[in-house]
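Peer 1: Whatever this is, show me its structure:
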Amino acid sequence: MSRFLETDSSKQQHALELKLADLYQELSEFESPERDEFLLLLRDRHARYLQGGLGELPSGFISLDASRPWICYWILHGLALLDQPSPRHLSADQIITFLSSCQHPDGGYGGGPGQIAHLAPTYAAISALLTLGGEVAYRSINRDKLWDFLCRMAIPPGQGGGFRMHEGGECDARSCYTALAVASNLCLDVPTLVAMSGVVDYLRRCQTYEGGLGGEPGNEAHGGYTFCGLAALIIAGCPQALDLPRLLHWASQRQGWAEGGFNGRTNKLVDGCYSFWQGGLFPLLQQIMDQQYQQVPARVDACCAAQTYTPTDPPPSWQQQQGQSADGLEVPDLPDLSRVKGPLQQAERDSKRLNAVCDSLAEAAVQLAAEHEQLQQQQAGKSAAAHDSQQIVDRAQAAQQAAEYADDIVAIASLSAAVLYPYHDQSADGGTTAVPADEPNPLFNTRALQLWILRACQQLKGGLRDKPGKSADYYHSCYCLSGLSAAQHMPGGQVLGPERNELKRADPVVNILQGKLQEARAYFGNL
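Peer 2: Residues are numbered from 1 along each chain as shown. This is a model prediction of the structure:
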């Protein structure tokens, strides 16, 4: 197969990379840290954009009628990360009243007033209420009915395990996460939910050969479902049910070297929302490493009822961990990378080779054209010479296109996120600058991700977006900011740009501000 075979995705990828090269070019003219001063978070503009979304929305939002608690959460959480207040025209009590109108009489929350209870808007509504905080918000939640709803959604292990999204609805990694996250946030009985649903084995079966998790067993690995699955297993206390080294490898491969952002699946374009859904995986993996999960079988038995939880053969990495005292997931010291060619070096080598081929074929075409002209005087050999000459010309044109493409790749690579903000800064002798001994190696390039968000995902008038060329929306604003916060506070990470770029820290598992979550759990833990 030709390495230059074009598909719709490859064309879109190349167009995006060229667009980003233009966006990143200005930064390349400066050395760090001077370059960093150009990466400013438009905090006030984003706050105004988000504040404008609370209240009555135009008719174009009708497609989100079943996602109204989500809109509340996206906006409130985005404002909380920015440390900005809710809009003056709408009080916290009014927001609480609206969310209460979405609460179903039999427990849980619907996507709007009068709609059926559904785990996704239930998670959103609870997260929004906890973000608002205060006793009025907490007391609006009918925990007893909510518990009944969560129990009804649990699917017994004998029927496959997991949780239904709603009565008669689908089961996937999202439903497992939203159910356990709500239970954990409200200090409900998580171990009982885990045992009655067989959720650990269900999520383990969602892991694919790539390492990520699909929405259901057998589906393609996907960033959003992978976050939901891993976070749910952390809440359940059984993250080692997954092959974690394989998951880490897959997740690390989702960061684009040119863009700095993450894609959600293999061979897909980066998207601002995956700054959290993929970037948020690494704080979870780091948390697992820090907590030194050991004695895996004992932990599984502790968080799952042994009589209802009968896992099939665990992944090899799990089997290898039995009886070992070492951590199941470790990040080794970086090896000597002096002989490894980076994207820019590889692109330069390819460009040099292809341009040489192009020049060679062009010379051959010129020579054959001259020979063809001479043979035109002779009848014999005229047709064969013309055919050979045309073939060389066609090959030369194809080589020219390949060489031009390779030159584009060199330009892209020279202005890529991986070059502007490498994983480790280059030292004076050409080596890499070591991370301080008291800081761990970050599990991904946190600065490249921040570059992507600050340079490519911010809309000048406010709000954040999927990628350049797209419009801002509340969903992407929430999760771009969530990913930015995760990158800033990741162990071994740092704030890129001015200090005022720093966002509030969110809990990495449930994506609610840590202070707000602690207050809520203190309240519900005493009930």
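
Peer 1: Please make it C-alpha for all contacts and neighbour counts, starting now.
Peer 2: Noted.

Peer 1: quick one: A486 from S416, how far?
Peer 2: 22 Å (Cα to Cα, to the nearest Å).

Peer 1: er, G60 actually
Peer 2: For G60 relative to S416 (Cα to Cα), the value is 37 Å.

Peer 1: Which one of those two is surrounded by more residues?
Peer 2: Comparing G60 with S416 by other Cα atoms under 10 Å, the one with more neighbours is S416, at 27 against 7.

Peer 1: N219 and Y209 touch, don't they?
Peer 2: No. Using Cα atoms under 8 Å, N219 is not in contact with Y209; the gap is 10.5 Å.

Peer 1: got a list of what L527 touches?
Peer 2: For L527, the contact set (Cα atoms under 8 Å, 6 or more residues apart in numbering) is empty.

Peer 1: mind checking pLDDT for it?
Peer 2: We have a pLDDT of 87 for L527.

Peer 1: what about it, distance to G133?
Peer 2: In terms of Cα to Cα, L527 sits 16 Å off from G133.

Peer 1: repeat for N511
Peer 2: For N511 relative to G133 (Cα to Cα), the value is 15 Å.

Peer 1: and what of G114?
Peer 2: Counting by Cα to Cα, the gap from G114 to G133 is 25 Å.

Peer 1: More neighbours: the two, which one.
Peer 2: Neighbour count, other Cα under 10 Å: between G114 and G133, G133 has more, with 17 against 13.

Peer 1: OK, contacts around A411?
Peer 2: A411 neighbours (Cα under 8 Å, 6+ apart): A21.

Peer 1: Checking it next. Helix, strand or coil?
Peer 2: At A411, secondary structure determined by DSSP: H, G, I helix; E, B strand; the rest coil is helix.

Peer 1: And it, what's its pLDDT?
Peer 2: 77.

Peer 1: Now do it against N263, distance only.
Peer 2: 22 Å.

Peer 1: Now stretch 260-279: buried residues?
Peer 2: The neighbour-count criterion (16 or more other Cα atoms under 10 Å) identifies 260-265, 269-279 as the buried residues of stretch 260-279.

Peer 1: Now Q51: closest residue in space that isn't a chain neighbour?
Peer 2: Spatial nearest neighbour of Q51, chain neighbours left out: P87 (5.2 Å); criterion: Cα to Cα, 6 or more residues apart in numbering.

Peer 1: Quick check, that neighbour in contact with G52.
Peer 2: Yes. Applying Cα under 8 Å, one finds P87 in contact with G52, separated by 7.5 Å.

Peer 1: which regions of the chain sit below the pLDDT cut-off?
Peer 2: 1-4, 292-390, 392-393, 396, 399-403, 406, 424-440 (pLDDT under 70).

Peer 1: Could you rerun that using 50?
Peer 2: 1-2, 293-327, 381, 427-435, 437 (pLDDT under 50).

Peer 1: now stretch 197-210, how far from the chain's geometric center?
Peer 2: 20 Å (Cα atoms, centre = their mean, to the nearest Å).

Peer 1: quick one: buried residues of it?
Peer 2: S197, G198, V199, V200, D201, Y202, L203, R204, R205, C206, Q207, T208.

Peer 1: need those in a markdown table with distance to G493 and secondary structure, can you?
Peer 2: Shown next, in a markdown table, are the buried residues of stretch 197-210 (distance: Cα to Cα, whole Å; DSSP: H, G, I helix; E, B strand; the rest coil):
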| residue | distance to G493 | secondary structure |
| --- | --- | --- |
| S197 | 37 | helix |
| G198 | 36 | coil |
| V199 | 33 | helix |
| V200 | 31 | helix |
| D201 | 33 | helix |
| Y202 | 33 | helix |
| L203 | 30 | helix |
| R204 | 30 | helix |
| R205 | 32 | coil |
| C206 | 30 | coil |
| Q207 | 28 | strand |
| T208 | 29 | coil |
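
Peer 1: Let me know the closest of those to P491.
Peer 2: Q207 (25.9 Å; Cα to Cα).

Peer 1: you'd agree that closest one is up against L242?
Peer 2: Yes. In terms of Cα under 8 Å, Q207 counts as a neighbour of L242; the distance is 7.2 Å.

Peer 1: Quick one: residues contacting Q450.
Peer 2: Contacts of Q450 by Cα under 8 Å, 6+ apart are G260, L484, A487, L496.

Peer 1: SS state for the residue nearest to G211 when sequence neighbours are not counted?
Peer 2: Nearest residue to G211, sequence neighbours excluded (Cα to Cα, 6+ apart): L247, at 4.2 Å. When classified by three-state DSSP, L247 comes out as helix.

Peer 1: L247 and G223: what is the separation?
Peer 2: Where G223 is concerned, L247 sits at a distance of 11 Å (Cα to Cα).

Peer 1: Quickly list what's touching both of these two.
Peer 2: Common neighbours of L247 and G223 (Cα under 8 Å, 6+ apart) are G212.

Peer 1: of these two, who's got more company?
Peer 2: Per other Cα under 10 Å, whichever of L247 and G223 has more neighbours is G223, with 30 against 22.

Peer 1: What are the neighbouring residues in contact with the nearest residue to that one once chain neighbours are set aside?
Peer 2: Excluding the flanking residues, the one nearest G223 by Cα to Cα, 6+ apart is G264, at 4.6 Å. Residues near G264 by Cα under 8 Å, 6+ apart: H222, G223, G224, R254, V270, D271, Y274, W277, Q278.

Peer 1: Which of those fall in helices?
Peer 2: The helices, defined by DSSP state H, take in G223, G224, Y274, W277 from the contacts of G264.
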